[in-house]
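S.K.: task: produce atomic coordinates for the following.
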Amino acid sequence: MKTRLLAPLSWIQIGLAIVPGLVALLLRSPSIEILGLSVRGGGYVYNSLVVVSGLLIIVGLLWKREFIPWMFPAVGILLMMFPGLVFDLLFPSSGPRPATFDMLVNLCPVAAWAVSIVIVWQCRRDTSVSKLGWVLLGLVMTVGLIQGGAIMFLFMMGLVVLPVAVGLMFARRHRLVAGLVPVAGLYWLVDSVFDPSYSSSFGTLIEMTLALFFLVVPPIWVLCSRSARGRLWGLLLPPGFALISSEIIRSPVFRGTLMPYSHRMWLTRGLGVVQFLLVLSLAVVIYQAVKSHSDSSLVGELSSAA
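M.R.: Model (predicted):
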């Protein structure tokens, strides 16, 4: 017998879930540049996604009084991109940034670690990490240390762990569907920090590929699926395809340049791809094993705690 956790959503709710992805596709599309609205810098796209996601979450909470699955992509986006909007509002000048800006930026991963630790501690009774989960966690840490060293690892991993930890709260009710939170959250890290489109003549194609396979395909796949296996593949395959195909599209551009795609470049970029996929795999393993509280409401829990 099918449980409430595996019941597919209506097409209206699925349509609401992909609204942020459609906005990202529109703003990254060549038609926007033809109209004279260049968004190659990224800040305009991210801030627009924050506004759209924030409005979706507000409307959803007013409508349903709780966080429901079609809001999860918006939650992941708002979680990762909201600080950037705040920085743009506080420091609008394009000139040299004051020391306060650097201090706040450095505090972001510290705050991310703090929030993540609090959430994991609160969810500890419902969360069990299998042997596979511990192996994946070890691999994530190892790849992070190899790629960036201890300091960069601590800085970046706080931002990587945060959407996984927040998704854990929703996993207690929705299991694998909560994986849409880290998938959408990691979109910003991939698109801006990992930046597969940098110095590429195929930048628009790469950016649209990332938006499509992080923010549009996973919500449709996961929310339409009637099985845990289908939702698992919906969380892993589209982002994996986007990451790998982006590097393949990008690599020919660097032939004959000062930074060709040598074996070392492939290794460095490949480790980045592997790290993102390991993080998503870790989230899937943990969420699948979380004890179910299908009758609870996160808004109600937060209200009672307050």
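S.K.: any idea how far residue 117 is from residue 71?
M.R.: 24 Å (C-beta to C-beta, to the nearest Å). C-beta coordinates here come from the backbone N, C-alpha and C atoms, glycine included.
S.K.: with neighbour numbers in mind, choose between those two.
M.R.: Taking other C-beta atoms under 10 Å, residue 71 and residue 117 do not tie; residue 71 has more neighbours (25 against 13).
S.K.: find the nearest non-adjacent residue to residue 43, please.
M.R.: Closest residue to residue 43 in three dimensions, ignoring its sequence neighbours and counting by C-beta to C-beta, 6 or more residues apart in numbering: residue 88, at 6.5 Å.
S.K.: so which residues of the protein form strands?
M.R.: Ranges of strands within the chain: none, based on DSSP state E.
S.K.: which residue lies nearest the spatial centre of it?
M.R.: Nearest to the geometric centre of the chain sits residue 185, at 2.0 Å (C-alpha atoms, centre = their mean).
S.K.: show me what contacts it?
M.R.: The contact partners of residue 185, by C-beta atoms under 8 Å, 6 or more residues apart in numbering, come to 76-77, 79-80, 162-163, 166.
S.K.: how close does it sit to residue 267?
M.R.: According to C-beta to C-beta, residue 185 stands 26 Å off from residue 267.
S.K.: kindly report the same for residue 220.
M.R.: In terms of C-beta to C-beta, residue 220 sits 34 Å off from residue 267.
S.K.: tell me which of the two has more neighbours.
M.R.: Under the criterion of other C-beta under 10 Å, the comparison of residue 220 against residue 267 puts residue 220 first, with 17 against 12.
S.K.: quick one: the more buried one and residue 18 touch, right?
M.R.: Yes: when contacts are counted by C-beta atoms under 8 Å, residue 220 is listed as touching residue 18 (6.4 Å).
S.K.: burial count for residue 49?
M.R.: Counted with other C-beta under 10 Å, the neighbours of residue 49 add up to 29.
S.K.: and if you look at residue 86?
M.R.: Residue 86 has 12 neighbours, counted by other C-beta under 10 Å.
S.K.: cool, and the one 10 residues further on?
M.R.: Residue 96 is surrounded by 6 other residues when neighbours are defined as other C-beta under 10 Å.
S.K.: again with the one 4 residues further on
M.R.: Residues lying near residue 100 (other C-beta under 10 Å) number 10.
S.K.: and residue 187, what does it touch?
M.R.: 24, 76-77, 80, 210-211, 214-215.
S.K.: where are the low-confidence patches of the chain?
M.R.: In the prediction, the chain carries residues with pLDDT under 70 at positions 1-8, 31-42, 93-95, 147-153, 198-201, 252-263, 265, 292-306.
S.K.: ok, the residue nearest to residue 108 when sequence neighbours are not counted - how many residues close by?
M.R.: What sits nearest to residue 108 in space, not counting adjacent residues and going by C-beta to C-beta, 6+ apart, is residue 83, at 5.6 Å. Other residues lying near residue 83 total 17 when counted by other C-beta under 10 Å.
S.K.: try residue 111
M.R.: Residue 111: 13 neighbours (other C-beta under 10 Å).
S.K.: number of residues surrounding the closest residue to residue 217 other than its chain neighbours?
M.R.: Nearest non-adjacent residue to residue 217, counting by C-beta to C-beta, 6+ apart: residue 238, 4.2 Å away. Using other C-beta under 10 Å, the number of residues around residue 238 comes to 22.
S.K.: same question for residue 274.
M.R.: For residue 274, the neighbour count with other C-beta under 10 Å is 15.
S.K.: that one touches residue 140, doesn't it?
M.R.: No: between residue 274 and residue 140 there is no contact under C-beta under 8 Å: 9.3 Å.
S.K.: what sits against residue 72?
M.R.: 17, 167, 170, 174, 177-178, 180-181, 184, 219.
S.K.: just checking, what packs against the helix ranked longest in the chain?
M.R.: Looking across the chain with DSSP state H, the single longest helix is helix 131-174. Of the remaining helices and strands, those touching helix 131-174 by 3 or more C-beta pairs under 8 Å, 6 or more residues apart in numbering; DSSP states H and E are helix 72-90, helix 99-122, helix 180-188, helix 263-289, helix 298-305.
S.K.: the inter-axis angle of that helix versus helix 99-122?
M.R.: Relative orientation of helix 131-174 and helix 99-122, computed by axes from the mean of the first three to the mean of the last three C-alpha atoms, to 10 degrees: 90 degrees.
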